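Enquirer: Could you work out the structure for the sequence below:
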Amino acid sequence: MSGRTAEATTATRVAEWDFGAYPYGLEPLHLPEPDDLDGDGPDAAADAALEHAARRLGLATAWLSQEEIHLADRDTLDDVFWFRWITGHQISFLLWHLMARVLARAPGPGQRPASDPRSALDPRPVPDPPRAGAELLAGLVEGYNAMLLYTSSCTRDSYDRVIRPAMHRHHHGFSGSWAPDYRPVRRLFHGRVPSAADGPGSRKLEEALRVNQVVHGAVAARLVPGSESLLQQSVGEMRLQDRAVRSVFYDHFFLTVRRTVPERQILDQLLRRLRAALIDVSLNGLYPYGEQTFEGLPSTYRTPFIGECEHRFPSITARTAQLTCGFAGPASAGRHTEGEDNQ
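Expert: Numbers count the residues shown, from 1 in each chain. Next comes the predicted model:
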């Protein structure tokens, strides 16, 4: 390929990137308060935005089979890794929010939905959450597991020079435990699986949660082997701060704005970020230039999922996007395979 042709093709590929103001630019994330899990009614503008994002995602997925051209070079990898750290976390927040909505709509053993017309004094047991809910949760957790690998795919050098110091400057005790959207799903990740105890849905969910623990361990072993977290390093110098204050610090770092948001806009934001991640990985690989994969970690961290995700990240991410479209209902599900849009 001639230099002129390569430049023209690269310019075309860069034009495909429509997230942020430029390739690897960031966007603010708009989310409701963590406890606000009530979906709202139809919103025409949000529906249109979601359908547009779904179509664009379909175009990106189809485009992945074309010839690869790297958008990033070694001098700009820090920009790529910063984008992945911020945007990957934002995707995780969105997935946690969707998980929390599934959990809120599926009562546990002996509980009744808020909409159940029967008397609260009725002693009859209520059926456990439907298996479909467990299967949806399993898919969302698997997507989150893939996003953990994407978010943490930076080199250790870039993490030590750029990412960790930025978190430390933001707050000396900066901690993932401060994430507001994790609170509603904390019990799920600590083993409190909704008790659709039988069937493939629950087994898939339990396996996805087990893998999540391994992936977390692998990420820590890869990026901070033998090191303390910022919170552990700073505990002696800090005063205890209110949880709401810590949440503000966390949201501010990850460009998260709290306000009332239509449900379809939440899904639109997720699809836009998944599309950007798909394009990024299709161009640069999960580990740009093949550097510092998980291959060197102890065998306990080399789960089949990690190996699969490293090689099949686009398909796993596309599956997460399909679940997102399904979450929106039939109005948008399946529309991401439509032809070119004119916007």
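Enquirer: which residue ranges form the helices in the stretch 151-300 of the chain?
Expert: Using DSSP state H, counting those that start in this stretch, the helices found in the stretch 151-300 of the chain span residues 156-158, 164-170, 186-189, 200-223, 230-234, 243-253, 263-284.
Enquirer: Please enumerate the strands of the protein.
Expert: With DSSP state E, the ranges of strands along the chain come out as 29-31, 256-258.
Enquirer: sorry, back to before: minimum distance to Ala134: which of the helices of the stretch 151-300 of the chain has it?
Expert: helix 200-223 (3.4 Å; C-beta to C-beta). Yep, even glycine has a C-beta here, placed from its N, CA and C like the rest.
Enquirer: so what secondary structure elements neighbour the closest one?
Expert: Packing contacts for helix 200-223, counted by 3 or more C-beta pairs under 8 Å, 6 or more residues apart in numbering; DSSP states H and E, involve helix 131-151, helix 186-189, helix 304-327.
Enquirer: and those helices, which is most packed in?
Expert: helix 131-151 (a mean of 23; mean count of other C-beta atoms under 10 Å).
Enquirer: still on that earlier bit, columns mean pLDDT and distance to Leu94 on top of the helices and strands packed on helix 200-223, output as a markdown table?
Expert: Shown next, in a markdown table, are the helices and strands packed on helix 200-223 (pLDDT from 0 to 100; distance: least, C-beta to C-beta, whole Å):
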| stretch | mean pLDDT | distance to Leu94 |
| --- | --- | --- |
| helix 131-151 | 88 | 10 |
| helix 186-189 | 92 | 16 |
| helix 304-327 | 80 | 9 |
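Enquirer: Compare those and give me the one nearest Asp79.
Expert: Asp79 sits nearest to helix 131-151 of all the helices and strands packed on helix 200-223, at 15.1 Å, using C-beta to C-beta.
Enquirer: which other helices and strands contact the closest one?
Expert: helix 77-105, helix 200-223, helix 263-284, helix 304-327.
Enquirer: Okay, now the unreliable bits of the chain?
Expert: For the chain, applying pLDDT under 70 flags the ranges 1-16, 39-72, 106-132, 194-200, 226-241, 291-298, 302, 327-343.
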